[in-house]
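Colleague: what's the 3D shape of this:
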Amino acid sequence: METANKSMFYCRMGTGLALTSLTVIFLTIADIAIAVAYPDILADNDTACALKAAYSLFVIATIGQFVMAVFDTILVCTTVRTNVSCHCVCYHMKVITHFVSCFMIFMGTMIYGIKSPDKVFYSFWLALVGGFFALANALMWLLTQQTKRYLKEAGVNVKNLEKGKKHDGTDFDP
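Modeller: You can find the predicted model right below:
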């Protein structure tokens, strides 16, 4: 592979942003539905501590995914505007955040399903689907990082997205 195509980088960032946005949407709806089913869930003394913990896990995962969505949006806009992939992509942060969010969502759904089986409706399933989106996003970043490393080892300029340039900025020989 002699040249890096910009579309690979834009596809990677766009897919990550889309999966993060879907996770945020599904988790936000689940958070609101649980808050409606259990009014004052965190302040109510009659609500079990396990349900409070499950709801807290959902909210923390939603906040983490929202921060990643804002971060991904800024990265996509910056890359499109400047045509340069900055070094602030923070691959490890993305993978860790999505895996931790996935773990928190799955733990929260497990606790919620066990402690409140009579209220397992669409909020439970939306949170579970959001967890699978977070897992897919983490795996996508994990797998595509290896592709970026292969391109870099092949001499493709992955920092500057100019087509036909090597990693040191010189042109490929035809």
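Colleague: Where does the prediction get shaky in the chain?
Modeller: Applying pLDDT under 70 to the chain picks out residues 1-8, 46-47, 82-89, 146-174.
Colleague: Next up, the contacts around Val60.
Modeller: I think there's a mix-up here, since residue 60 is Ile and not Val. By CB atoms under 8 Å, 6 or more residues apart in numbering, the contact set of Ile60 is Met104. Heads up, the C-betas are built off the backbone N, CA and C, glycines and all.
Colleague: Neighbours of Cys77, how many?
Modeller: Residues lying near Cys77 (other CB atoms under 10 Å) number 10.
Colleague: With Asp44 instead?
Modeller: 12.
Colleague: check which helix or strand covers it.
Modeller: Under DSSP states H and E, no helix or strand contains Asp44.
Colleague: Would you check that it makes contact with Ala35?
Modeller: No - between Asp44 and Ala35 there is no contact under CB atoms under 8 Å: 11.3 Å.
Colleague: distance of the residue nearest the centre of the chain from Gly108?
Modeller: What sits nearest the mean C-alpha location of the chain, by CA atoms, centre = their mean, is Thr20, with 4.0 Å. Remark: distance between Thr20 and Gly108 (CB to CB, to the nearest Å) = 18 Å.
Colleague: Excluding chain neighbours, what is closest to Ile25?
Modeller: Gly130 (8.0 Å; CB to CB, 6 or more residues apart in numbering).
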